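Trainee: Please find the sequence and the predicted model below.
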Amino acid sequence: MTATTSGLTYRRSRQTSLRNVVSVIILCFAVLLTIQVSLHATHAEVKHGNVAEIRSCLDNGGETMRWYNDRNQHILQICQVQERYCVRVLKYDRGYQEITCFKTKYTNLAKIIRYLMNSGARQVK
């Protein structure tokens, strides 16, 4: 493309236009990725509960039961937060390490026990 300004002629490079398009595409991708990450964090908290609240319950003596799964050697700590039973899964590898922590849909003790038994775990405490 050629343009004239004050008697000077200059040519707009196609490379510059292509760079601008690529920059805009990269910027849009970064914005979409940021939105996706923030939505996932919100979904996780709604679906699985506030992990800090569950950890606080368990770390401050709120453990209702402790189960052990022989198949994967995981320890399952159970506590109740806001009427729903919560599970923290630990593995032992030179000390206990948390694998995951989540709030279940169960509000009934018998149902959480059935859930744990069906997973292959046995109660140890």
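Mentor: Perfect, I can see it now.
Trainee: Can you report how many residues neighbour the closest residue to Y85 other than its chain neighbours?
Mentor: Counting by C-beta to C-beta, 6 or more residues apart in numbering, the nearest residue to Y85 once its immediate chain neighbours are dropped is I112, at 4.3 Å. Using the backbone N, CA and C atoms, a C-beta is placed for each residue, glycine as well. Neighbours of I112 under the rule other C-beta atoms under 10 Å: 22.
Trainee: from now on call the first residue 13
Mentor: Fine by me, first position is 13 from now on; the one you just mentioned is I124.
Trainee: which residues does I124 contact?
Mentor: Listed by C-beta atoms under 8 Å, 6 or more residues apart in numbering, the contact partners of I124 are 90, 97, 116, 118.
Trainee: Do I have it right that the first one meets R96?
Mentor: Spelled out, it's I90. No. At 11.1 Å, I90 and R96 do not qualify as touching, with contact defined as C-beta atoms under 8 Å.
Trainee: These two - which one has more neighbours?
Mentor: With neighbours defined as other C-beta under 10 Å, I90 and R96 compare such that I90 has more, 24 against 15.
Trainee: Which secondary structure state does the more buried one sit in?
Mentor: Of the three states, I90 takes strand under DSSP: H, G, I helix; E, B strand; the rest coil.
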